[in-house]
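>>> Sequence plus the predicted model coming up.
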Amino acid sequence: AQSVSQHNHHVILSEAASLELGCNYSYGGTVNLFWYVQYPGQHLQLLLKYFSGDPLVKGIKGFEAEFIKSKFSFNLRKPSVQWSDTAEYFCAVRVSTAGNMLTFGGGTRLMVKP
Amino acid sequence: KAGVTQTPRYLIKTRGQQVTLSCSPISGHRSVSWYQQTPGQGLQFLFEYFSETQRNKGNFPGRFSGRQFSNSRSEMNVSTLELGDSALYLCASSSLTQGGSEKLFFGSGTQLSVL
(Lines give C-alpha, C1' and ligand atoms only; values in the text may rest on other atoms or scores of the structure.)
Protein backbone atom coordinates (compact mmCIF):
# COMPACT_ATOMS: atom_id res chain seq x y z
CA ALA A 1 0.00 0.00 0.00
CA GLN A 2 1.18 3.48 -0.71
CA SER A 3 2.10 5.96 2.02
CA VAL A 4 2.77 9.68 2.09
CA SER A 5 5.16 11.50 4.42
CA GLN A 6 5.19 15.16 5.20
CA HIS A 7 8.28 15.85 7.23
CA ASN A 8 7.35 19.24 8.63
CA HIS A 9 4.42 19.12 11.02
CA HIS A 10 4.56 22.77 12.04
CA VAL A 11 6.22 25.65 10.21
CA ILE A 12 6.37 29.26 11.36
CA LEU A 13 7.51 31.93 8.92
CA SER A 14 7.50 35.68 8.72
CA GLU A 15 5.77 37.40 5.82
CA ALA A 16 7.87 37.55 2.65
CA ALA A 17 9.88 34.49 3.65
CA SER A 18 10.18 31.64 1.17
CA LEU A 19 8.33 28.39 1.79
CA GLU A 20 9.13 24.81 0.94
CA LEU A 21 7.08 21.93 2.33
CA GLY A 22 8.34 18.43 1.79
CA CYS A 23 6.26 15.50 0.57
CA ASN A 24 7.50 12.00 -0.17
CA TYR A 25 5.47 9.00 -1.20
CA SER A 26 6.09 5.33 -1.50
CA TYR A 27 4.66 3.66 -4.57
CA GLY A 28 6.54 2.44 -7.58
CA GLY A 29 3.83 2.77 -10.19
CA THR A 30 2.09 5.65 -11.87
CA VAL A 31 0.64 8.15 -9.44
CA ASN A 32 -1.29 11.38 -9.49
CA LEU A 33 -0.14 13.96 -6.94
CA PHE A 34 -2.04 16.70 -5.17
CA TRP A 35 -1.65 19.44 -2.61
CA TYR A 36 -4.78 20.43 -0.73
CA VAL A 37 -5.06 23.34 1.68
CA GLN A 38 -7.39 23.97 4.58
CA TYR A 39 -7.64 27.60 5.65
CA PRO A 40 -8.98 28.25 9.18
CA GLY A 41 -12.70 27.60 9.26
CA GLN A 42 -12.88 26.58 5.61
CA HIS A 43 -13.20 23.41 3.55
CA LEU A 44 -10.29 21.49 2.18
CA GLN A 45 -9.58 22.80 -1.30
CA LEU A 46 -7.26 21.88 -4.13
CA LEU A 47 -4.08 23.94 -4.37
CA LEU A 48 -2.48 22.18 -7.30
CA LYS A 49 -2.09 18.79 -8.96
CA TYR A 50 0.28 16.79 -11.11
CA PHE A 51 -0.88 14.11 -13.50
CA SER A 52 1.74 14.07 -16.26
CA GLY A 53 3.92 16.32 -18.41
CA ASP A 54 5.95 19.22 -17.05
CA PRO A 55 7.04 18.19 -13.54
CA LEU A 56 6.85 21.79 -12.35
CA VAL A 57 3.22 22.66 -11.78
CA LYS A 58 1.70 25.94 -10.75
CA GLY A 59 -1.36 26.32 -8.62
CA ILE A 60 -3.47 29.02 -7.10
CA LYS A 61 -2.17 31.93 -5.03
CA GLY A 62 1.39 31.72 -6.34
CA PHE A 63 2.12 28.18 -5.17
CA GLU A 64 4.07 25.71 -7.24
CA ALA A 65 5.28 22.15 -6.78
CA GLU A 66 7.92 20.02 -8.41
CA PHE A 67 7.55 16.31 -9.05
CA ILE A 68 10.87 14.47 -8.86
CA LYS A 69 10.18 10.89 -9.82
CA SER A 70 13.60 9.58 -8.83
CA LYS A 71 13.13 10.93 -5.33
CA PHE A 72 9.42 10.06 -5.02
CA SER A 73 8.90 13.66 -3.99
CA PHE A 74 6.40 16.42 -4.67
CA ASN A 75 7.51 19.44 -2.68
CA LEU A 76 5.40 22.57 -2.41
CA ARG A 77 7.00 25.99 -2.76
CA LYS A 78 6.13 29.66 -2.63
CA PRO A 79 8.75 32.37 -3.02
CA SER A 80 7.14 34.87 -0.66
CA VAL A 81 4.43 33.93 1.84
CA GLN A 82 1.69 36.17 3.11
CA TRP A 83 -0.20 36.19 6.38
CA SER A 84 -3.21 34.84 4.46
CA ASP A 85 -1.27 31.66 3.66
CA THR A 86 -1.69 30.56 7.26
CA ALA A 87 -3.37 27.17 6.88
CA GLU A 88 -2.85 23.43 7.02
CA TYR A 89 -1.38 21.86 3.90
CA PHE A 90 -1.90 18.26 2.85
CA CYS A 91 -0.03 16.30 0.24
CA ALA A 92 -1.97 13.44 -1.35
CA VAL A 93 -1.26 10.61 -3.74
CA ARG A 94 -3.58 8.59 -5.91
CA VAL A 95 -2.63 5.46 -7.74
CA SER A 96 -3.70 6.34 -11.25
CA THR A 97 -6.14 3.44 -11.52
CA ALA A 98 -7.70 3.83 -8.07
CA GLY A 99 -10.67 6.06 -8.73
CA ASN A 100 -10.82 8.81 -6.13
CA MET A 101 -9.03 6.96 -3.35
CA LEU A 102 -6.43 9.43 -2.11
CA THR A 103 -3.73 8.69 0.44
CA PHE A 104 -2.97 11.83 2.42
CA GLY A 105 0.10 12.85 4.32
CA GLY A 106 -0.21 13.92 7.93
CA GLY A 107 -0.42 17.60 7.08
CA THR A 108 1.75 20.63 7.79
CA ARG A 109 0.44 23.53 9.83
CA LEU A 110 1.86 26.77 8.50
CA MET A 111 1.70 29.95 10.52
CA VAL A 112 2.79 33.18 8.87
CA LYS A 113 3.57 36.02 11.24
CA PRO A 114 2.67 39.49 9.97
CA LYS B 1 -23.86 26.31 -7.38
CA ALA B 2 -24.27 24.89 -3.88
CA GLY B 3 -21.28 23.10 -2.42
CA VAL B 4 -21.08 19.71 -0.78
CA THR B 5 -23.51 19.61 2.13
CA GLN B 6 -22.99 17.36 5.11
CA THR B 7 -25.50 16.84 7.90
CA PRO B 8 -25.53 16.98 10.79
CA ARG B 9 -22.62 19.30 11.55
CA TYR B 10 -22.09 17.88 15.06
CA LEU B 11 -23.10 14.63 16.70
CA ILE B 12 -22.61 13.27 20.18
CA LYS B 13 -23.17 9.56 20.72
CA THR B 14 -22.31 6.99 23.35
CA ARG B 15 -20.35 3.79 22.92
CA GLY B 16 -22.34 0.96 21.37
CA GLN B 17 -24.78 3.21 19.53
CA GLN B 18 -24.93 3.54 15.79
CA VAL B 19 -24.85 6.69 13.69
CA THR B 20 -25.77 7.73 10.15
CA LEU B 21 -24.15 10.67 8.42
CA SER B 22 -25.45 12.26 5.25
CA CYS B 23 -23.76 13.90 2.29
CA SER B 24 -25.33 15.76 -0.61
CA PRO B 25 -22.82 16.23 -3.44
CA ILE B 26 -22.61 19.13 -5.81
CA SER B 27 -25.35 18.90 -8.40
CA GLY B 28 -24.22 16.72 -11.29
CA HIS B 29 -21.44 15.01 -9.36
CA ARG B 30 -21.75 11.23 -9.36
CA SER B 31 -18.73 10.26 -7.28
CA VAL B 32 -18.84 10.60 -3.51
CA SER B 33 -15.91 9.73 -1.25
CA TRP B 34 -15.73 9.61 2.53
CA TYR B 35 -12.70 10.34 4.68
CA GLN B 36 -12.07 10.20 8.42
CA GLN B 37 -9.90 12.96 9.90
CA THR B 38 -8.34 12.63 13.36
CA PRO B 39 -5.43 14.46 15.00
CA GLY B 40 -3.49 11.21 15.36
CA GLN B 41 -4.15 9.45 12.06
CA GLY B 42 -4.80 12.42 9.79
CA LEU B 43 -7.04 11.95 6.78
CA GLN B 44 -7.89 8.35 5.97
CA PHE B 45 -9.97 7.08 3.08
CA LEU B 46 -13.12 5.19 4.02
CA PHE B 47 -14.88 4.44 0.75
CA GLU B 48 -15.98 5.84 -2.59
CA TYR B 49 -19.29 5.45 -4.37
CA PHE B 50 -19.97 6.05 -8.01
CA SER B 51 -23.40 5.60 -9.58
CA GLU B 52 -24.67 3.78 -6.48
CA THR B 53 -21.81 1.26 -6.50
CA GLN B 54 -18.93 1.11 -4.07
CA ARG B 55 -15.85 1.61 -6.21
CA ASN B 56 -13.12 1.61 -3.56
CA LYS B 57 -12.89 0.76 0.10
CA GLY B 58 -10.30 1.74 2.67
CA ASN B 59 -8.91 -0.27 5.52
CA PHE B 60 -11.69 0.14 8.05
CA PRO B 61 -13.67 -2.52 9.91
CA GLY B 62 -17.02 -3.72 8.69
CA ARG B 63 -18.76 -1.50 11.26
CA PHE B 64 -18.25 1.28 8.75
CA SER B 65 -20.57 1.08 5.78
CA GLY B 66 -22.08 3.37 3.24
CA ARG B 67 -24.45 3.65 0.35
CA GLN B 68 -25.34 5.97 -2.45
CA PHE B 69 -28.78 6.76 -3.75
CA SER B 70 -29.93 7.32 -7.31
CA ASN B 71 -29.73 11.10 -6.82
CA SER B 72 -26.04 10.66 -5.83
CA ARG B 73 -26.66 11.56 -2.20
CA SER B 74 -24.68 9.32 0.10
CA GLU B 75 -24.90 8.11 3.65
CA MET B 76 -22.36 6.43 5.83
CA ASN B 77 -23.21 4.37 8.86
CA VAL B 78 -21.10 3.37 11.82
CA SER B 79 -22.48 0.65 14.04
CA THR B 80 -21.43 -0.27 17.56
CA LEU B 81 -19.56 2.98 18.09
CA GLU B 82 -16.21 2.96 19.86
CA LEU B 83 -14.39 5.86 21.52
CA GLY B 84 -11.82 5.76 18.74
CA ASP B 85 -14.49 6.58 16.16
CA SER B 86 -14.54 10.16 17.41
CA ALA B 87 -13.43 12.14 14.38
CA LEU B 88 -14.34 14.62 11.69
CA TYR B 89 -15.96 12.74 8.81
CA LEU B 90 -15.49 14.45 5.48
CA CYS B 91 -17.39 13.86 2.30
CA ALA B 92 -16.03 14.82 -1.10
CA SER B 93 -17.71 14.83 -4.48
CA SER B 94 -16.37 14.98 -8.00
CA SER B 95 -17.69 15.14 -11.50
CA LEU B 96 -15.71 12.91 -13.84
CA THR B 97 -17.27 9.66 -14.91
CA GLN B 98 -14.24 7.48 -15.50
CA GLY B 99 -11.04 6.82 -13.63
CA GLY B 100 -10.12 9.44 -11.11
CA SER B 101 -11.19 13.03 -10.98
CA GLU B 102 -8.93 16.01 -11.29
CA LYS B 103 -10.44 17.67 -8.26
CA LEU B 104 -12.39 16.71 -5.17
CA PHE B 105 -14.81 19.15 -3.59
CA PHE B 106 -14.98 18.68 0.16
CA GLY B 107 -17.79 19.43 2.57
CA SER B 108 -17.38 20.99 6.01
CA GLY B 109 -17.63 17.61 7.67
CA THR B 110 -19.56 16.05 10.51
CA GLN B 111 -17.81 16.18 13.87
CA LEU B 112 -18.65 12.97 15.73
CA SER B 113 -17.90 12.64 19.41
CA VAL B 114 -18.31 9.26 21.06
CA LEU B 115 -18.60 9.34 24.85
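Okay, I see it.

>>> What separation is there between the residue most central in space within chain B and chain A?
Nearest to the mean C-alpha position of chain B, by Cα atoms, centre = their mean, lies residue B:34 at 3.1 Å. Residue B:34 sits 10 Å away from chain A, going by Cβ to the nearest Cβ, to the nearest Å. Heads up, the C-betas are built off the backbone N, CA and C, glycines and all.

>>> low-scoring pLDDT stretches of the chain, where are they?
Unless you meant another one, I'm taking chain A. Nowhere does chain A drop to pLDDT under 70.

>>> wrong one, chain B
Regions of chain B meeting the criterion pLDDT under 70 cover residues B:1, B:96-101.

>>> all strands for it, in order.
B:5-7, B:10-13, B:19-24, B:31-38, B:42-50, B:53-57, B:64-68, B:74-78, B:87-94, B:105-106, B:110-114 (DSSP state E).

>>> Near chain B, which residues of chain A are found?
By the rule Cβ under 8 Å from any Cβ of the partner chain, the part of chain A lying against chain B is A:1, A:32, A:43-46, A:49, A:51, A:90, A:92, A:94, A:96-107.

>>> and with 7 Å instead?
Taking Cβ under 7 Å from any Cβ of the partner chain as the contact definition, chain A meets chain B at A:32, A:43-44, A:46, A:49, A:90, A:94, A:96, A:98-104, A:106-107.

>>> Among these, name the buried ones.
When these are checked for burial by 16 or more other Cβ atoms under 10 Å in any protein chain shown, the buried set is A:32, A:43-44, A:46, A:49, A:90, A:94, A:98-104, A:106-107.

>>> Distance check, residue A:20 against residue B:108.
Plainly put, residue A:20 is 30 Å away from residue B:108 if you go by Cβ to Cβ, to the nearest Å.

>>> higher neighbour count, those two?
Using other Cβ atoms under 10 Å in any protein chain shown as the criterion, residue A:20 and residue B:108 rank with residue B:108 on top: 18 against 13.

>>> ok, back up a step: and the residues of chain A next to chain B, which of them are in helices?
Using DSSP state H, the subset of these located in helices is empty.

>>> Could you list which of those belong to strands?
Assignment to strands by DSSP E places the following of the residues of chain A next to chain B there: A:32, A:44, A:46, A:49, A:90, A:94, A:103, A:104.

>>> For the residue most central in space within chain A, which non-adjacent residue is closest in space?
For chain A, the residue nearest the mean C-alpha position is residue A:35 (3.4 Å; Cα atoms, centre = their mean). Setting aside the residues directly before and after it, residue A:35 is nearest to residue A:47 in space (Cβ to Cβ, 6 or more residues apart in numbering or on different chains), at 4.3 Å.

>>> thinking the one you found is in contact with residue A:63, fair?
Yes - using Cβ atoms under 7 Å, residue A:47 is in contact with residue A:63, at 5.5 Å.

>>> Which parts of chain A are strands?
A:3-5, A:10-14, A:19-21, A:24-26, A:31-38, A:44-50, A:56-58, A:64-68, A:73-78, A:87-95, A:103-104, A:108-113.
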